[in-house]
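A.B. asks: Sequence first, then the predicted structure, then my questions.
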Amino acid sequence: MALDVQALQKWVGRTETAEDTVSAFPVAALSATLDRDDPPPRKGDPLPPLWHWLYFLPAYRHSEAGPDGHMRRGGFLPPVPLPRRMLAGSRVQFRQALRVGEPIRRVSTVANVTHKSGRSGELVFVLVRHELSGAGAVNIAEEHDIVYREAPRTGEQPAASSPASSGNSVVAQWQRVVHPDPLLLFRYSALTFNGHRIHYDRRYVTETEGYPGLIVHGPLIATLLTDLVRRNSTTPMTSFKFKAVSPLFDIAPFSVNGIPSADGKQVKLWAQGAAGQLAMDAEATLAV
């Protein structure tokens, strides 16, 4: 299928509305998945940062799944004819907490479709804006950068990764080492109804997509970064942004790291692979 960027840009402005309820079980299940010792969630409890990703799940039929496990293209999102898809980055504003037991509504808009050519071939970026509301005004506003890439070429080697921020001159004040075993990846895939085979199908991810192991979900890494803040600070988070830099795999542990600013208003965050490579760069703003 040829890449027709002008046709894809006709999706700009398309909207989608979904409704859900902040049910308690996904909160308890993600807490267990992240190895937290939280009390059972009760009605009215605030939803932690990024845990709204447990809701509005894409419950498409099995026959509607594409070869990679994602929904076949051409619905709300444009039918980009490039096989690799990932969440490249996001910017989230937490204006007011969503709460357990609350009915919620999400309005999504395709804001932009752009095309670039890089070292790895053709790239298409789709910018999606979401607004989530509870009983009142917009509680959470976020933007997602979704990138589509070509399949790997024969003999293609992955691009060299940048060293992580923790280098010789910067030392993390907060750090947690994560062992991304298949159980962790399976649980997060199940909780977010994510059928993407790169996270659980080792034969597919190594033979078809050419990666060395199961890929750790970008949203899971971002959630682990916000969880690191929660483990070290009780101050509410007002915004969070991240950029995915290089993939992490289940074949080696990685770390999530943080450095709070002197005034406590910002936290510099990053995920670092076992070889010292930067996997995700992020920043949180706190309500100080």
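C.D. replies: Yep, it's here.

A.B. asks: Counting neighbours, what do you get for residue 33?
C.D. replies: 19 (other Cβ atoms under 10 Å). C-betas here are computed from N, CA, C, even on glycine.

A.B. asks: And the pLDDT at it?
C.D. replies: With respect to pLDDT, residue 33 has a value of 98.

A.B. asks: Just give me the neighbour total for residue 251.
C.D. replies: 11.

A.B. asks: Tell me the backbone dihedrals of the closest residue to it other than its chain neighbours, please.
C.D. replies: Counting by Cβ to Cβ, 6 or more residues apart in numbering, residue 251 lies nearest to residue 213, which is 4.0 Å off, once chain neighbours are set aside. The phi/psi pair for residue 213 (degrees, to the nearest 10) reads phi -170, psi -180.

A.B. asks: In this structure residue 213 contacts residue 203, no?
C.D. replies: No: using Cβ atoms under 8 Å, residue 213 is not in contact with residue 203; the gap is 11.6 Å.

A.B. asks: quick one: which of these two has more around it?
C.D. replies: The residue with more neighbours, out of residue 213 and residue 203, is residue 213; 17 against 8, by other Cβ under 10 Å.

A.B. asks: Show residues contacting whatever helix or strand residue 20 lives in.
C.D. replies: Assigned by DSSP states H and E, residue 20 belongs to strand 15-21. Residues from elsewhere that reach strand 15-21 (Cβ atoms under 8 Å, 6 or more residues apart in numbering): 55-56, 76, 101-110.

A.B. asks: May I have the helix or strand that that strand is followed by exported as CSV, CA atoms only?
C.D. replies: For strand 15-21, the following helix or strand on the C-terminal side (DSSP H and E) is helix 24-33. Output in CSV follows, covering the C-alpha atoms of helix 24-33 (Å, rounded to 0.1, in the frame of the first residue of the first chain):
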residue,chain,number,x,y,z
ALA,A,24,-11.8,-0.2,41.3
PHE,A,25,-10.4,-3.5,40.1
PRO,A,26,-8.0,-2.0,37.4
VAL,A,27,-6.6,0.3,40.2
ALA,A,28,-5.9,-2.7,42.5
ALA,A,29,-4.5,-4.7,39.6
LEU,A,30,-2.1,-2.1,38.5
SER,A,31,-1.0,-1.5,42.0
ALA,A,32,-0.1,-5.2,42.3
THR,A,33,1.6,-5.1,38.9
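
A.B. asks: got the buried residues for the helix or strand immediately after helix 24-33 in the chain?
C.D. replies: For helix 24-33, the following helix or strand on the C-terminal side (DSSP H and E) is strand 84-94. Residues of strand 84-94 classed as buried: 84-94 (neighbour count, 16 or more other Cβ atoms under 10 Å).

A.B. asks: continuing past strand 84-94, what's the next helix or strand?
C.D. replies: Scanning onward from strand 84-94 (DSSP H and E), the first element met is strand 103-118.

A.B. asks: okay, the angle between that following strand and strand 15-21?
C.D. replies: Relative orientation of strand 103-118 and strand 15-21, computed by axes from the mean of the first three to the mean of the last three Cα atoms, to 10 degrees: 140 degrees.

A.B. asks: Show me where the stretch 51-200 of the chain dips below the pLDDT cut-off.
C.D. replies: 73-74, 152-169 (pLDDT under 70).
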